[in-house]
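S.K.: can you look at this prediction? I've put the sequence above it.
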Amino acid sequence: MKNFDVAIVGGGLAGLTASIYLAKAGRKVIVLEKSSHFGGRGMTINKNGICMNLGAHALYRGGEAFITFNELGVNLPGGIPSTKAHGIWKGDIYTIPTDFRSILSTPLLSWSAKVQFARLMIHLGNLDVGKVPKMSLTTWAENEIKDPMVRNIFYALCRTTTYTYAPTIQLASSVLKQIQLSMKEGVLYVDGGWETIITNLRNIASTSGVQFLAKKHVLKIEHCEGKQIIQCFDDEVFEAGAVIVTTPPKEACKIIKGTEGTSLQKWSEQSIQVTVEALNIGLKQLPNPLHHFALGLDQPIFFTNQSRAAKLSEDGSIVVSLIKYHNPVLELNHIQEEKEQLENMMELLHPNWKREVVAQQYLPKITVVYDFPHIDRVEKPGPNIPGMPGVYVAGDWAGHDEILADAAVASGKRAALHILKQSESEAVHHGNGAII
């Protein structure tokens, strides 16, 4: 049996982040990943020399992940995309207002709506989201925005910044915070895709002494005499003083023994998984050089040319992504029809695009997050599980005020710092219980 101070189950953003903080503090750490590849949904697929993320990925500058990466010394090459946007309404393309000139010129809005939109943007910039009462995004929007088209644009922006289409249950304060982050700091598109982030994190972790094991699927975790016993499907067993589980919440409940009636069970039951349909396309050139970023205003779809800000190929090929957001409140049907909807959007924005295709990647249903801040959330998950000493959770579902990659990274950091603080607290006691 191999012994470690901390074992981490899952080698995605949360697990990698946690491992670095622990190893830099001198802890003996191992990361166990059930697949053959580290990075989770942060991995990048190389198709014919073209880098494709698992759907459209953007790193929010000023978000917890970006701040943490800077703190850890992660160097991320890439670019900040232009915010110039188009909207699709009833099959036609319009300019989305993003500055004073475009507000005045857009035919989408009446004069009174233009005034209301300008006031909304100012209000969003100055809003203290901490004072927004607990309510759904729909409730907030219906109360604050009277013009229907202004609401349509607002909802489209909310879908794009949160990658979530659930306005009737999304926590308004969380979405508004993300909107502010987008407005003030913008996003970064990373050269080489998000594999660049994963590679950087792994290199820092390895240099800090973290050990990695791929194809190591954990069967169960049991608490025994102050230690965590981790048994894998191949019968290998590890012992650790603490364990951080970064799997989805329902999987965590299965592998951690004794979770019945615990907070972890509650977190799992309150979690709501978010999925999207994604179509990535590699093109020799962009048919219409004016259309780089587009939002569906009457349908939950989205288009972005990631190559306008990031290098994603060696030969100059363009990589674009189209997304159809799934509403987790509704049942998912007609996947093939949805792919046609994305292809039709591409044809509208870039006529004859199929002539330019060099690579494609279609993902009919990919998980965005395993939970997000919503009105039915009873409590914020993690990092520790009350009543289960030495067992911690992290992941995109374990965010507190963060969402998406920010939640994954922040929760991984939280779990690591909690372990370090706990061990420091225990260190001030010696055998007879006296405090030094």
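M.R.: The structure has been received and is ready for your questions.
S.K.: which residues in the stretch 101-250 of the chain form helices?
M.R.: Per DSSP state H, counting those that start in this stretch, the stretch 101-250 of the chain has helices spanning 111-126, 137-144, 148-162, 172-185, 195-207, 249-255. These are given in chain order.
S.K.: rebuild these as CSV, extending it with mean pLDDT, distance to G10 and mean neighbour count.
M.R.: All C-beta atoms are positioned from the backbone trio N, CA, C, and that covers glycine. Rendered in CSV, the data for these read as follows (pLDDT from 0 to 100; distance: least, Cβ to Cβ, whole Å; neighbours: other Cβ atoms under 10 Å):
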stretch, mean pLDDT, distance to G10, mean neighbour count
helix 111-126, 95, 35, 15
helix 137-144, 98, 30, 17
helix 148-162, 98, 23, 21
helix 172-185, 96, 24, 20
helix 195-207, 98, 13, 19
helix 249-255, 98, 9, 20
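S.K.: between those, which gets nearest to A408?
M.R.: If you check each of the helices of the stretch 101-250 of the chain against A408 by Cβ to Cβ, helix 195-207 wins as the nearest, at 11.1 Å.
S.K.: re the thing from before, export the helices of the stretch 101-250 of the chain to TSV and tack on distance to N344?
M.R.: Rendered in TSV, the data for those read as follows (distance: least, Cβ to Cβ, whole Å):
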stretch	distance to N344
helix 111-126	27
helix 137-144	28
helix 148-162	18
helix 172-185	27
helix 195-207	30
helix 249-255	35
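S.K.: quick one: which of the ones you listed is nearest V74?
M.R.: Taking Cβ to Cβ as the criterion, helix 195-207 is the member of the helices of the stretch 101-250 of the chain that comes nearest to V74, at 4.6 Å.
S.K.: by contact count, what packs against the closest one?
M.R.: helix 13-24, helix 64-72, strand 211-213 (3 or more Cβ pairs under 8 Å, 6 or more residues apart in numbering; DSSP states H and E).
S.K.: contacts for that helix next, please.
M.R.: Outside of helix 195-207, the residues that reach it under the criterion Cβ atoms under 8 Å, 6 or more residues apart in numbering are 13, 16-17, 19-20, 23, 31, 38-39, 42-44, 51, 59, 69, 72-78, 190, 212.
S.K.: quick check on the residues you listed: which are buried?
M.R.: Applying a neighbour-count criterion of 16 or more other Cβ atoms under 10 Å, the buried members of the contacts of helix 195-207 are 13, 16-17, 19-20, 23, 31, 38-39, 42-44, 51, 59, 69, 72, 74, 76, 78, 190, 212.
S.K.: enumerate every residue touching P248.
M.R.: Taking Cβ under 8 Å, 6+ apart as the criterion, P248 is in contact with 271, 273, 370, 395, 397.
S.K.: what's the closest of these to L219?
M.R.: Distances from those to L219 were compared by Cβ to Cβ; the smallest belongs to G395, at 19.1 Å.
S.K.: for L120, see how far away the closest one is.
M.R.: 33 Å (Cβ to Cβ, to the nearest Å).
S.K.: one more: L404?
M.R.: In this view, L404 and L120 are 23 Å apart by Cβ to Cβ.
S.K.: over to K28?
M.R.: Looking at K28 against L120, where the rule is Cβ to Cβ, the gap reads 52 Å.
S.K.: repeat for P373
M.R.: In this structure, P373 lies at 22 Å from L120, with Cβ to Cβ as the measure.
S.K.: quick check: L295 touching Y155?
M.R.: No: counting by Cβ atoms under 8 Å, L295 sits too far from Y155 to count as a contact (9.5 Å).
S.K.: among the helices of the stretch 101-250 of the chain, which is nearest F100?
M.R.: Nearest to F100, of all these, is helix 111-126, at 7.5 Å by Cβ to Cβ.
S.K.: determine the longest helix present in the protein.
M.R.: helix 404-427 (DSSP state H).
S.K.: kindly export that helix (C-alpha atoms) in CSV.
M.R.: What follows is the C-alpha trace of helix 404-427 in CSV, where atoms were taken according to Å, rounded to 0.1, in the frame of the first residue of the first chain:
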residue,chain,number,x,y,z
LEU,A,404,-17.6,27.4,-14.9
ALA,A,405,-13.8,27.1,-14.8
ASP,A,406,-13.6,29.7,-12.1
ALA,A,407,-15.6,27.4,-9.8
ALA,A,408,-13.4,24.4,-10.6
VAL,A,409,-10.2,26.3,-9.9
ALA,A,410,-11.5,28.2,-6.9
SER,A,411,-12.9,25.0,-5.3
GLY,A,412,-9.6,23.1,-5.9
LYS,A,413,-7.7,26.0,-4.2
ARG,A,414,-10.2,26.1,-1.3
ALA,A,415,-9.9,22.4,-0.6
ALA,A,416,-6.1,22.6,-0.6
LEU,A,417,-5.9,25.6,1.7
HIS,A,418,-8.5,24.0,4.0
ILE,A,419,-6.3,20.9,4.3
LEU,A,420,-3.2,23.0,5.0
LYS,A,421,-5.0,25.1,7.6
GLN,A,422,-6.4,21.9,9.2
SER,A,423,-2.9,20.3,9.4
GLU,A,424,-1.5,23.5,10.9
SER,A,425,-4.2,23.5,13.6
GLU,A,426,-3.4,19.9,14.4
ALA,A,427,0.3,20.6,14.6
